[in-house]
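1. sequence and predicted structure are below.
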Amino acid sequence: MVTAKQQNIPQPMDEVRGPPVSNVLREFLTPLEFANLLLFWWRLPFHLRGNGQTVLLLPGLGGGERSMAIIREYLKVLGYDPQDWGLGRNDGRVMDKLPRVNEMVRTLARDAGAPIILIGWSLGGYFAREAARDNPADVSQVITLGSPLVGGPKYTATARFFGRRGLDHDAIEARIAERYRTPLRVPVTSIYSKGDGVVSWQASVDEWSPDAENIEVSTTHFGFGISREVLTHIAERLAVIQRR
């Protein structure tokens with residue numbers, strides 16, 4: 001667990017590519033995470049209760065509301081008020097969807113009468129962070145799960161696929177880095193795994209935001225939404241922020 005200090009905007013990571021093949025193959029072990037959760041669900045920290053705070057859940061690329069179902073149900077049990085983003089499958093159109101996410105954040109915060117919590121998985125974590133960057137008064141906390149915090153698709157397993165279709169990875173990386181000139185003014189937690197087979201873990205570590213915490217777990221990329229270890233960290237981080 002590492003607390004980051006604010007530094008300059010992110011620079012290209014020349015030594016980093018997409019995840020190694022061994023990590024990609026490890027994604028086939030994801031069902032073991034679900035089995036572990038079924039066997040040991042009773043070890044989750046159910047005592048870390050919420051007070052009805054609104055939590056907006058943002059799915060990863062290709063995922064919809066159902067992909068966040070276990071996180072949503074766990075948060076309900078803890079006493080939070082989780083809300084789906086309502087935009088269906090995340091098709092990766094960041095420029096189209098971010099304004100809609102921003103409006104959603106403002107609406108939910110207004111209805112709740114208090115800042116809300118954002119939890120995003122993979123690309124959904126990028127949406128969460130940028131919505132918090134744009135609306136700091138409406139967000140109390142951000143938690144990302146295996147999210148590419150820098151580089152866009154450049155440091156992911158999809159880099160070659162999109163590169164062949166003419167996507168300019170360097171230009172996207174530069175645009176994302178430029179956003180860091182406006183620092184995140186809310187606590188942000190990045191939960192990442194060195195075994196991630198979709199996003200290179202180095203791209204999921206935040207070394208630039210003023211109030212950032214990076215937590216390493218052992219799971220696959222597709223296991224973030226069903227991992228008992230991840231669910232435990234989510235409950236713990238939410239509880240810590242409530243006590244601030």
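-> Nice, I can see it.
2. enumerate every residue touching Arg66.
-> By CB atoms under 8 Å, 6 or more residues apart in numbering, Arg66 lies in contact with nothing. (C-beta placed from N, C-alpha, C; glycine too.)
3. can you rerun that using 10 Å?
-> Residues in contact with Arg66 (CB atoms under 10 Å, 6 or more residues apart in numbering) are Pro59, Arg72, Asp84, Arg89, Gly225.
4. from Arg89, how far out is it?
-> Shown here: Arg66 relative to Arg89, a distance of 10 Å by CB to CB, to the nearest Å.
5. quick check, Phe161 in contact with His169.
-> No. Here Phe161 does not reach His169: they are 11.4 Å apart, not a contact under CB atoms under 10 Å.
6. so what sits against both of those two?
-> Residues touching both Phe161 and His169 (CB under 10 Å, 6+ apart): Pro153.
7. of those two, who's got more company?
-> His169 (17 against 11; other CB atoms under 10 Å).
8. just give the nearest non-adjacent residue to that one, would you?
-> Nearest residue to His169 in three dimensions, chain neighbours excluded: Lys154, at 4.0 Å (CB to CB, 6 or more residues apart in numbering).
9. can you name the element that comes right after the helix or strand containing Ser22?
-> Ser22 belongs to helix 21-26 when elements are defined using DSSP states H and E. Next in sequence after helix 21-26, counting helices and strands by DSSP H and E, comes helix 30-40.
10. for that next one, which outside residues touch it?
-> Residues outside helix 30-40 that contact it (CB under 10 Å, 6+ apart): 43-44, 70, 74, 197, 218-231.
11. let's see that with 8 Å instead.
-> Ile70, Thr219, Thr220, Phe222, Gly223, Ile226, Ser227, Arg228, Leu231.
12. of those, just say which sits nearest to Pro136.
-> The nearest member of these to Pro136, counting by CB to CB, is Leu231 at 26.7 Å.
13. touching, the closest one and Leu44? I think so.
-> Yes. With contact defined as CB atoms under 8 Å, Leu231 and Leu44 form a contacting pair (5.9 Å).
14. sketch out the low-pLDDT regions of the chain for me.
-> 1-7, 243-244 (pLDDT under 70).
15. now do the lengthiest helix in the chain: which elements does it pack against?
-> If you go by DSSP state H, the chain has its longest helix at helix 94-112. Contacts defined by 3 or more CB pairs under 8 Å, 6 or more residues apart in numbering; DSSP states H and E place helix 94-112 against strand 54-58, strand 116-121, helix 123-134.
16. quick one: Val16 from Glu178, how far?
-> With the distance defined as CB to CB, Val16 ends up 19 Å from Glu178.
17. more neighbours: the two, which one.
-> Higher neighbour count among Val16 and Glu178: Val16, with 15 against 11, using other CB under 10 Å.
18. residue contacts, the more buried one?
-> Contacts for Val16 (CB under 8 Å, 6+ apart) come out as Tyr155, Ser200, Gln202, Ala203.
19. include secondary structure, distance to Pro115 and neighbour count when you put these into CSV, please.
-> Output for these, formatted as CSV (DSSP: H, G, I helix; E, B strand; the rest coil; distance: CB to CB, whole Å; neighbours: other CB atoms under 10 Å):
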residue, secondary structure, distance to Pro115, neighbour count
Tyr155, helix, 31, 24
Ser200, coil, 31, 26
Gln202, helix, 30, 18
Ala203, helix, 27, 25
